[in-house]
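> Got a predicted structure here, sequence first:
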Amino acid sequence: MHTATIEWEGEDCDLISTRNIMEGKYAEEAQKKNARLLRDTSETAKIGGWEFDVETLEQVWTEEVYRIHEVDMTYKPTVRKGMNFYTPASRPIIEQAVQRAIEHGDPFDLELEFITVKGNLRWVRVAGKADREHGKIFGTFQDITERKQTEIALHESEERYRRITKDWQETFDTINEAITIHDTDFNVVRANKTSEIMLGKNAREILSAKCFSLYHDKKCPLQGCPCAESLKTGKPSTVELFEPHLNKFLEIKALPRFDEKNNMTGLVHIVRDISEITKLTDQFHQAQKMEAIGQLAGGVAHDFNNLLMIISGYGDLIKSGLPEDNGLQKFAQQIVETSLKGGQLTRKLLAFARKGKYVTTMVDVHGVMDSVIDLLRHSIDRRINIERKYRAEPSIVIADAYQLENALLNLGINSRDAMPDGGVLTFETDHVSLDAAYCRRQPVERIPGNYLRICVSDSGTGMDEETQKHLFEPFFTTKEAGKGTGLGLAGVYGFVKQNNGFINVYSVAGKGTTIKFHLPAAVKTEIAVKTPVIVETVKGHGHILFVDDEPALRKIGFLFLTELGYRVTCCGDGAEAIEYFGENWRDVDLIILDMIMPKMDGLDCYNRIKEISNTVPVLATSGFGMNTEIRNIVDAGVKGFLQKPFQMEKLAKVISDTMG
C-alpha cells in the first residue's frame with residue numbers, strides 16, 4: 001500500500017493506492033522451494049552443473065560441483081583449473097572432448113577418474129554441449145564413484161569366476177580318468193577330455209547319451225552297475241570289470257551328488273583304464289608262481305638226486321664186486337646208466353629252479369646259434385626256412401655254453417612243431433641298454449645295465465593267453481603224450497634266470513610266436529670258471545669224515561670210500577660232525593660235507609670246522625648244482641664240489657686231486 005498528497009478540486013487530498021502482492025509472494029516462495037528441491041536433488045544424485053565462456057574460459061559451477069571437488073564456495077574455477085583435477089590418464093580425454101566441443105560443437109558424455117582437492121579418488125560422469133550462439137559450453141557433472149566401484153567389483157568377480165571356471169575345466173580335462181556327470185536318469189550332462197578319448201566320441205555325441213550305451217553298448221544298465229547301485233542306495237559304488245565293447249579292463253566308480261536340501265541330483269561317474277595295471281599284476285603273480293614252482297621243482301630234484309645217488313651207488317658197487325665176465329655186469333651197468341639219465345632229468349629241473357650245476361665261461365652266442373641252426377637244418381622240415389639276423393657285436397655273454405645251446409635248441413624245436421606246414425624260423429641278436437627308470441617300471445625286478453637280446457621267432461600256430469600263462473611251468477606241454485616232457489621251456493626259463501637275465505613271450509593264436517630273452521653282456525675282464533676232467537678210478541689211503549643226514553647216502557659213501565681204500569667215519573648232522581672233529585681232528589685227512597642238512601647247514605658247519613682246524617681239506621656235496629650257496633662255500637675255502645649223483649670213479653679222482 002502507498003499514500004501520496006494531491007490537490008483535488010482545490011483541496012489537498014491523501015491518495016491511497018493498494019496492490020495485491022500475494023501472487024508475487026507465492027511465486028517467490030515457489031522459486032525458493034524449487035531452488036531448494038534442485039539443490040537437494042543435486043546433492044542426493046551427486047550431480048551438478050557447469051558453464052564456461054569459450055573466450056575468457058571463466059567457469060561457473062553449481063553448489064554440487066563445488067561439493068564434489070571438495071572446495072568451498074569462494075573457489076574461483078576456470079577451465080584450466082578444472083582440468084587439473086583429472087588423473088593423468090583421464091586428463092587428455094576430457095581436454096580433447098572440450099576442444100572438439102569448442103571447435104566443432106561436438107557434445108560429449110564421459111566417465112573419468114578424478115582426484116579432489118583433498119586427494120580422494122573418485123569417478124565422475126561429465127557431459128557437455130556447446131551453445132555456439134552465445135559462446136558458451138555447459139553441461140553436468142556427477143559423482144558416480146559408488147556405481148563405478150560396484151561395476152568394477154562385479155567385473156572383477158566375473159573375471160574371477162571365469163578364471164575359476166576355466167581353471168576347473170582345464171583341471172577337469174587334464175585328469176587322466178574318464179569323468180562324466182550324470183543326472184538321475186543315467187544321462188551324461190558333462191564330460192572331460194579323457195572320456196572323449198576313452199570312448200572315441202566327441203562331446204556332442206557323449207552329452208545326453210546314456211552311460212550304459214556309451215561304455216557297454218547296452219540299452220539298459222548291466223547287472224551290478226555301480227551307477228544303478230549308487231542311485232538306489234545313495235552311497236558310492238565301485239566295480240572292476242573287463243569291457244569287451246572297449247576292449248579294456250576298467251575300474252568304475254559312481255559317487256552320488258546331492259543339493260542343499262540333500263536331494264540326490266545325479267552322479268559323478270569315474271572310469272579308470274586299469275588294463276596295464278591288470279597286465280602288470282598278472283605278470284607279477286605269474287612271476288611269483290614261477291618262483292614258487294621253481295622252489296618246489298628244486299626241492300624235488302634235490303631229493304630225487306639223493307635217490308639216484310643211492311641207486312647208482314649200489315649199481316657201481318655191484319659192478320666193482322663182480323668179475324668182468326659175469327653176466328650180471330650188464331644189468332649193473334644198466335642200473336648206472338639209467339641213474340645217469342635220471343640225473344639229466346633232474347638237471348633240467350634244477351636249471352628251472354636256478355639251482356643247477358653250470359660252468360660259466362665266455363660264450364660266443366653267434367657261434368652257439370650257428371651250431372644249433374646247423375643241427376636243426378638236418379632235423380626239421382625243409383619247408384621251414386631258417387633265417388639269421390645277427391646285430392649284436394660282440395656277441396659274448398658269461399654263461400654255460402651247454403645250457404645256452406640246449407635253450408636255443410628247445411626253442412627251435414618248439415618253433416618247428418608249431419609250423420607243421422612250413423614257415424619261417426628266425427634267430428636274432430642285438431644289444432640293448434636298460435636304465436634305472438625303465439627297470440623301476442617293470443612288475444618284476446630288472447637290473448639296469450647292458451644286455452645281449454636273443455630273439456627266436458616263428459610264423460607258426462601261436463598260442464592263446466591261457467597257454468602262455470603256463471608256458472614255463474615244469475611238465476606243462478601241449479604236445480601229444482610221449483612227444484614231450486614239458487621240461488624244455490622250463491629249462492630255458494631257469495637258464496635265463498640263473499644268469500641274471502629275463503624272458504618275454506609275444507604270441508597270438510594263428511600268428512606265430514616270438515620269445516626274447518636278455519642276458520647280461522659280457523665284460524672283457526670276466527674269466528671263465530673251469531671244472532676238473534674226470535679220467536679214471538684212483539684208490540688211496542687215509543681217514544675221511546663223511547657227513548650226510550641221509551642214512552642210505554652215508555651207507556653208500558662208506559662203501560664207496562672203503563672200496564677206494566680209505567678209513568671212514570660217518571656223521572648224521574653238522575653238530576655230530578663238529579663234536580667228532582673237535583676231538584679227533586689230528587686223525588682226519590679229509591671231510592666230505594653235505595650242504596643241505598637239518599639243525600646246521602653245510603656252510604655253518606664248515607665255518608665251525610675252520611675254527612677247530614683250517615688245515616684239513618673239505619669237499620662239499622649237494623643234490624643241488626653249483627648255485628649261489630655252493631659258490632659261497634667254495635669262496636670260503638672248500639677244496640672242491642661234487643653234485644649228486646656221482647660215480648665212484650669221479651669221487652676217487654676228486655679225492656685224489658684234493659689230497660695230493
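Yep, that arrived.
> which secondary structure elements does the helix or strand harbouring F581 contact?
With elements delineated by DSSP states H and E, F581 resides in helix 574-584, which encompasses its position. Under the contact definition 3 or more C-beta pairs under 8 Å, 6 or more residues apart in numbering; DSSP states H and E, helix 574-584 sits against strand 543-547, strand 567-571, strand 590-594, helix 602-612. Any C-beta I mention is one placed from the backbone N, CA and C, and that applies to glycine too.
> who's in contact with the nearest residue to I179 once chain neighbours are set aside?
Leaving aside its chain neighbours, I179 sits nearest to N192 (4.9 Å; criterion: C-beta to C-beta, 6 or more residues apart in numbering). For N192, the set of contacting residues under the criterion of C-beta atoms under 8 Å, 6 or more residues apart in numbering consists of 172-173, 175, 178-180.
> now Y438
446, 448.
> Assign a three-state SS to it, would you?
Reducing the assignment to helix, strand or coil with DSSP: H, G, I helix; E, B strand; the rest coil, the entry for Y438 is helix.
> picking up where we left off before, what's the PyMOL line that selects buried ones from the contacts of N192?
Selecting just the buried residues from those in PyMOL takes one command, with 16 or more other C-beta atoms under 10 Å as the test:
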select buried, resi 178+179+180
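> quick one: which two of the contacts of N192 are the most distant?
The distance between the two most remote of the contacts of N192 (C-beta to C-beta) is 12.4 Å, for D173 and T180.
> Restricted to helices, list the contacts of N192.
Secondary structure assignment by DSSP state H places 172-173 of the contacts of N192 in helices.
> separation between G462 and G315?
With the distance defined as C-beta to C-beta, to the nearest Å, G462 ends up 45 Å from G315.
> So which of those two has more stuff around it?
The neighbour count for G462 versus G315, taken as other C-beta atoms under 10 Å, is higher for G315 (22 against 18).
> Just the pLDDT for that one.
We note a pLDDT of 78 for G315 in this prediction.
> and if you look at L487?
The predicted local confidence for L487 comes out at a pLDDT of 46.
> With Q169 instead?
Among the per-residue scores, Q169 shows a pLDDT of 83.
> repeat for K76
Here the pLDDT value assigned to K76 is 91.
> My reading is that it is in a helix; is that accurate?
No. When three-state DSSP is applied, K76 is found to be coil, with no helix at that position.
> rewinding a little: tell me which of the helices and strands packed on helix 574-584 sits most buried.
Mean neighbour count, computed with mean count of other C-beta atoms under 10 Å, is highest for strand 590-594 among the helices and strands packed on helix 574-584, reaching a mean of 24.
> List of residues touching that strand?
The contact list for strand 590-594, computed with C-beta under 8 Å, 6+ apart, reads 542-550, 553, 557, 577, 581, 602, 605-606, 609, 616-622, 638, 642, 655, 658-659.
> List the strands paired with that strand, with their directions.
The strands that strand 590-594 pairs with in its sheet are strand 543-547 (parallel), strand 618-622 (parallel) (by DSSP bridges).
> Please name whichever of those strands is nearest to R453.
Proximity to R453 (C-beta to C-beta) singles out strand 618-622 among the strands paired with strand 590-594, at 32.9 Å.
> any idea which helix or strand of this structure has the worst average confidence?
The element with the least model confidence among the helices and strands of the chain, by mean pLDDT, DSSP states H and E, is helix 22-45, at a mean of 52.
> Relative to the helix or strand following that helix, what are the paired strands and their orientations?
The first helix or strand that comes after helix 22-45 along the chain, using DSSP H and E, is strand 47-53. Paired strands of strand 47-53, with direction, are strand 59-61 (antiparallel), strand 136-143 (antiparallel) (DSSP bridges).
> re the thing from before, least reliable of the strands paired with strand 590-594 by average pLDDT, please.
If the strands paired with strand 590-594 are sorted by mean pLDDT, strand 618-622 sits at the bottom with a mean of 88.
> Disregarding residues adjacent in the polypeptide, which is nearest to V397?
Counting by C-beta to C-beta, 6+ apart, L519 is the residue found nearest to V397 once chain neighbours are left out, at 4.5 Å.
> Then G512?
S459 (4.5 Å).
> thinking again about what came up before, my guess is the residue nearest to V397 contacts G501, does it?
Yes. Counting by C-beta atoms under 8 Å, G501 is a contact partner of L519 at 4.4 Å.
> Common neighbours of the two, please.
Going by C-beta under 8 Å, 6+ apart, residues that sit against L519 and also against G501 are Y451.
> outside of stretch 608-615, which residues touch it?
574, 577-578, 581-582, 585, 591, 593, 600, 616, 618, 636-637.
> Apply 7 Å and report the result again.
Residues external to stretch 608-615 that are found in contact with it (C-beta atoms under 7 Å, 6 or more residues apart in numbering): 578, 581-582, 585, 591, 618.
> now stretch 305-317
Outside of stretch 305-317, the residues within contact range by C-beta under 7 Å, 6+ apart are 332, 335-336, 339-340, 342-343, 346, 550, 552-553, 556, 559-560, 563, 623, 644-645, 647-648.
> Using neighbour counts, pick out the buried residues of it.
By neighbour count, and taking 16+ other C-beta under 10 Å as the criterion, the buried residues in stretch 305-317 are 305-317.
> ok, which stretches of the stretch 151-300 of the chain are strands?
Residue ranges of the strands in the stretch 151-300 of the chain, as given by DSSP state E, counting those that start in this stretch, are 178-182, 188-191, 237-243, 248-258, 264-273.
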